[in-house]
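Participant: structure for the following, please:
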Amino acid sequence: MSTIMQTTYSEVSVDKYRDAFQQQDLSQASLVVRVLMWAMLPLGVIDVLFHQSTVVTAFLVLLRVVVVLYSGWFLQQLKVLKAAPIVTKYLMRWVVLVMLVQLISNICTPRDYFGHYLIDIWGCLMTFIVVPVPLPTLRVPVVSFVIASLLLLALKHPPYYAYPLVVAMILPASAVTGHAIASYVHWYRRKLLSAEKELERQASIDPVTGVANWREFMRLAALELQRHQRLTKPMSMLVLDVAEFKKINEEYGPETGDIILVEVTRRIKRVMRSYDSLARYGSDEFCVLLPEAAASDAQKIAERTYSTVVSIPVTVAGKEIKIAATIGVATMTEGDDVSSLLHRAGDARGAGKVSYFQVV
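Facilitator: Model (predicted):
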């Protein structure tokens, strides 16, 4: 039975999801705060028109000014804040402040005025959709605001008005609708991100063995080479060739060949250190990048790898197939790059066709 590329994928975690959209969420938070900050001006004018020059007017205008000042300060913080938990904490404070000021304004309006509730309905709907805060966190202030607004409707406005009844139905419905839309958007974005990450992963792995493919190995090797040159650490490379692999495919079939490759991969992994990188870069060839491995260390790893790979035959469909292999090892020298190091390791492997093992 051959190993095939994975067709299903696991969903990314919430933390990874938020990290992926962090920059987009910061921009969205900045836009939301900016819009609400400017909205304080017409809302303040409405307060003045209702209450004229009274203490209530001065109090409400002061609250609007506090919101504007906090919003301006928060916009400046968003330029330097990068950690999602800190942004969430400040943004939640801003949401609570805005809702509290709006609730106090509703308390102070005349008994026969319901215009502010239209803003509340729109606000509950949009808060879930546009405020980039995790829904479980955002749910608490919005639900609390809805409950407080319903209590205010029941206590302040006469029950024989039809408008309070309509608001009492639409206000919670708007919050539920906003939450449902936001939940779907987050679910959809997370699915897209999961699919994107899986495609990236599959583009960098060998579909049979599950280890890195040639392209990914060269990328990792280039990064390790930069670290090697910066820190002057030793680095080596091991190249292993499964001998007579073509003959195995012809005699036993390609599915058996895949099983051999998977088993060789497992055996190489047993010997590898946790920070080594393994890749399949040919039909029957593997290479292992050995960071911080001098020539003596690389030779020991190569000897253990060879012994582990060829020690026990692989049983396939009741038949035992003995694995033969050649290994070449090369250690980084001055003037080497990834290609030259790989080429020298390959030459060492070729020179070892007779003895099955050669180190240069």
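Participant: which residue ranges of the stretch 251-360 of the chain form helices?
Facilitator: Residue ranges of the helices in the stretch 251-360 of the chain, as given by DSSP state H, counting those that start in this stretch, are 254-271, 295-310, 338-351.
Participant: the last one vs helix 295-310, what angle?
Facilitator: Using axes from the mean of the first three to the mean of the last three CA atoms, to 10 degrees, the interaxial angle of helix 338-351 with respect to helix 295-310 works out to 60 degrees.
Participant: again, but for the longest one
Facilitator: Using the same axes, to 10 degrees, one finds that helix 254-271 and helix 295-310 are set 140 degrees apart in direction.
Participant: contacting residues around residue 285?
Facilitator: 239, 240, 241, 242 (CB atoms under 8 Å, 6 or more residues apart in numbering). From N, CA and C alone the C-beta is placed, and that goes for glycine too.
Participant: please redo it, this time with the cut-off set to 6 Å
Facilitator: By CB atoms under 6 Å, 6 or more residues apart in numbering, the contact list for residue 285 reads residue 241.
Participant: for the one 10 residues further on, same thing?
Facilitator: Residue 295 makes contacts with residue 331, as judged by CB under 6 Å, 6+ apart.
Participant: now it: how far from residue 329?
Facilitator: For residue 295, the distance to residue 329 (CB to CB, to the nearest Å) stands at 8 Å.
Participant: okay, now residue 340: neighbour count?
Facilitator: Residue 340 has 13 neighbours, counted by other CB atoms under 10 Å.
Participant: actually residue 156, not the one I typed
Facilitator: Neighbour count of residue 156, defined by other CB under 10 Å: 13.
Participant: give me the distance between it and residue 164.
Facilitator: For residue 156, the distance to residue 164 (CB to CB) stands at 9 Å.
Participant: just to revisit the earlier point, same list (the helices of the stretch 251-360 of the chain) but as a markdown table, adding distance to residue 39.
Facilitator: Formatted as a markdown table, the entries for the helices of the stretch 251-360 of the chain read as follows, by distance: least, CB to CB, whole Å:
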| stretch | distance to residue 39 |
| --- | --- |
| helix 254-271 | 59 |
| helix 295-310 | 66 |
| helix 338-351 | 57 |
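Participant: could you export those helices as a markdown table, including mean pLDDT?
Facilitator: Listed next are the helices of the stretch 251-360 of the chain as a markdown table, based on pLDDT from 0 to 100:
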| stretch | mean pLDDT |
| --- | --- |
| helix 254-271 | 92 |
| helix 295-310 | 91 |
| helix 338-351 | 82 |
